[in-house]
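K.L.:
with the input below, show me the fold.
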Amino acid sequence: MTTNGTQARRARPRAGLLALLLAAGTAGCDDFLSTEPRGQLTTTTFFQTENQAVQATNATYNMLRDWQVHVFSWLGMTDIVSDDATKGSTPADAGFLLDLENLNFDPGNTAFRDTWNGYYQGIYRANIAIQNIPSVQMDETKRARLVGENKFLRAYYYFFLVRAFGGVPLILEPLRPGQYTQPRATREAVYAQIEQDLTDAIAALPERNAYGTADVGRATKGAARALLAKVHLFQGEWQPALDRAREVINSNQYSLYPSYTGIFSQAGENSSESVFEVQTVALAEGGGASQYSEVQGVRGTPNLGWGFNNPSDDLEAAFEPGDPRLQATVLYAWEALPDGSGQVVFYNRDITDTPFNNQYNQKTFVSPTNPGGAGNSGVNIRRIRYADVLLIAAEAAARLGNTADAQNYLNQVRARARGGQQVTLGFAAETLAESVAGALKLAAGTSRVFVRYVTPNSAAANAGLRSFRVGFNSLSGPAAGDTATSIDLIEAVGGTAITTLQQFMDAVSGRSAGSQVTLGIRRVTAAGSQTLNVTVPVQQQLPPVTATGEALLQAILRERRVELAMEQHRWFDLVRQGQARERMAAIGKTFQTGKHEFFPIPAIEVTSAGLQQNPGYN
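P.N.:
All right, here's what the predicted structure looks like:
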């Protein structure tokens, strides 16, 4: 780990000879569009065989793992800038991300130059492949498929750029000397090209089940349809968005993974829910991984990363009482690691930017036993899930007045999130790690069921159950006089003693929504412990939504936030929904209408390439 994330970037993974040749055209060029390449790619000598056509396509995919595409700056422009996350790490580390969090960034911010260069390098590789693969003598169907994969990827790269910056230079073939300075195209022209590329990809790509094991993770017909549905959604084209999403739904190629938590495990990679995800692998010799997990990993003990992109308290409060997805999304201080190793996350006083905000993105968790550490993470980056497609369909249907379909698609997502649990007491209980129990001097055989976080608007929050907010940073136990340290252990449910989480779940499952239940609580603090009884209402767990009209639409938008939390969708959703100003104001930030809908064009592209700056940034 480093004390400065911006100085710890590892060399990019190797992608073979072609990737090096492709990189020759851009290496060392900050002003990517205006600087002529230092080397020449001899495509006429390379694109001779089917294997070379596949390698060229693989090089386009390889950019998806790149630092400038799906890692540091990208996290800042998708999560940290939004209400879902805070910068994290130490206060002085990576100040450019703090500028994003506070909405006081300018055209010189590192994030904009990084992503601009990274995404255009991906486009460059796609253009090379699209231009040259058609001349390769090979199976016609496979040749068309490879071109389709590159068109899908080019559309993916441009879709980020157009949402981030608005109209951008539209480059559809490798540039020659004298062509490197390109004007900005209109947003409409960029979107039109994205739609054309995805339409072409849909025609050429196979369905998911047509690929063999060796090709798992390649773009599919379903992925192209899903991305096109989202492209239409972002343009307010509700009927085409619904039509394309329905094509994915009706293809019978995808289904919701039974376990929400399991989606983000190794077993959940490329699962039934995976429509498109970035493939990584933790090879012992390196070369196939991404730093996506490392920059978001636990900073301290155990050392899993740099501690950036921390889930916010505002995000926690967005979950309905007892929603199991909260525990699957946030990895807290003093929580046992999800790998079953028994290790717990130590509280780290050094990284907090708000009091007790010591929490991490659990969806990117990588075990400390990973070969090469977190920097060699083989965690796939989930970019389009089937739940996302269902919610696109739900939103489009709701905006078209199709209430029945909107409710149906929305409630499918909620039903899976329930995990079979029909009722809740308004909070998520979990198992206390034995090491923490020892620090708290809890006797063997006593309850290990505790409450860490209670959603502020839940009945339990007013009834006496407390959040577990830990002020000690070692296993020596809470410090005397530290009033912030409190933990509630649940020892009985309705008079029945319980000691394990399964016993608690069984006792709650037998209750009826609308009834009351009394819990026996042992509250442990630095000063000692006390027993008390707390009566709380039994509630239906994530009940089906029956709302109509605007209430239904707002329910769908709320569902998008919690279902896709910390998966780098939130900022662009807020902007397109017209909710960014209101939501930023709610957390003390000022969103300037007419300015913050887009990020600034990187300063170097304005000065060197003569590109027109976005409004408000001159």
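
K.L.:
can you pull out the low-pLDDT segments for this structure?
P.N.:
Scanning the chain for pLDDT under 70 picks out 1-44, 352-357, 453-464, 466-485.

K.L.:
can you give me the helices for the stretch 301-450 of the chain?
P.N.:
313-318, 325-329, 386-399, 403-418, 434-439 (DSSP state H, counting those that start in this stretch).

K.L.:
and of these, who's closest to residue 202?
P.N.:
helix 386-399 (14.4 Å; CB to CB). Backbone N, C-alpha and C define where each C-beta goes, glycine included.

K.L.:
check the helices of the stretch 301-450 of the chain for me and report the most buried one.
P.N.:
Neighbour counts (mean count of other CB atoms under 10 Å) averaged over each of these peak at helix 386-399, with a mean of 26.

K.L.:
who are the packing partners of that one?
P.N.:
helix 221-234, helix 238-249, strand 274-278, helix 403-418, helix 549-563 (3 or more CB pairs under 8 Å, 6 or more residues apart in numbering; DSSP states H and E).

K.L.:
again, only this time at 7 Å
P.N.:
helix 221-234, helix 238-249, helix 403-418, helix 549-563 (3 or more CB pairs under 7 Å, 6 or more residues apart in numbering; DSSP states H and E).

K.L.:
after the last one comes which helix or strand?
P.N.:
The helix or strand immediately downstream of helix 549-563 is helix 570-577, counting by DSSP states H and E.

K.L.:
restricting to C-alpha, output that next one in CSV.
P.N.:
Extracted C-alpha coordinates of helix 570-577, given in CSV (Å, rounded to 0.1, in the frame of the first residue of the first chain):
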residue,chain,number,x,y,z
ARG,A,570,-25.2,6.9,-9.9
TRP,A,571,-23.9,10.2,-11.2
PHE,A,572,-25.0,9.8,-14.8
ASP,A,573,-28.4,8.5,-13.5
LEU,A,574,-28.8,11.6,-11.3
VAL,A,575,-28.0,14.0,-14.2
ARG,A,576,-30.3,12.3,-16.7
GLN,A,577,-33.2,12.1,-14.2
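
K.L.:
report how many residues lie close to residue 94.
P.N.:
By the criterion of other CB atoms under 10 Å, residue 94 has 25 neighbours.

K.L.:
contacting residues around the nearest residue to residue 493 once chain neighbours are set aside?
P.N.:
Nearest residue to residue 493, sequence neighbours excluded (CB to CB, 6 or more residues apart in numbering): residue 507, at 3.8 Å. With contact taken as CB atoms under 7 Å, 6 or more residues apart in numbering, residue 507 is in contact with 493-494, 496, 498.

K.L.:
between the helices of the stretch 301-450 of the chain, which one is closest to residue 238.
P.N.:
helix 386-399 (4.5 Å).

K.L.:
what angle sits between that closest one and strand 274-278?
P.N.:
In terms of direction (axes from the mean of the first three to the mean of the last three CA atoms, to 10 degrees), helix 386-399 departs from strand 274-278 by 120 degrees.

K.L.:
if I look at the residue nearest to residue 289 when sequence neighbours are not counted, how far off is residue 72?
P.N.:
Leaving aside its sequence neighbours, residue 289 sits nearest to residue 376 (CB to CB, 6+ apart; 4.5 Å). Applying CB to CB, to the nearest Å, the value for residue 376 to residue 72 is 16 Å.

K.L.:
ok, now residue 119?
P.N.:
Distance from residue 119 to residue 72, by CB to CB: 14 Å.

K.L.:
quick revisit: contacts only, for the residue nearest to residue 289.
P.N.:
282, 286, 289, 370.

K.L.:
could you redo the last one with a cut-off of 8 Å?
P.N.:
282-283, 286, 289, 370 (CB atoms under 8 Å, 6 or more residues apart in numbering).

K.L.:
isn't residue 157 up against residue 126?
P.N.:
Yes - using CB atoms under 8 Å, residue 157 makes contact with residue 126 at a distance of 7.0 Å.

K.L.:
the more surrounded of those two?
P.N.:
residue 126 (29 against 25).

K.L.:
how about the more buried one, nearest residue that isn't a chain neighbour?
P.N.:
Using CB to CB, 6+ apart, the closest residue to residue 126 is residue 154 (3.9 Å).

K.L.:
which helix or which strand is home to the one you found?
P.N.:
Residue 154 belongs to helix 140-165, assigned by DSSP H and E.

K.L.:
in the next helix or strand after that helix, which residues are buried?
P.N.:
Under the assignment DSSP H and E, the closest C-terminal helix or strand after helix 140-165 is helix 187-204. Buried residues in helix 187-204, counted by 16 or more other CB atoms under 10 Å: 187, 190-191, 193-195, 197-198, 200-202, 204.
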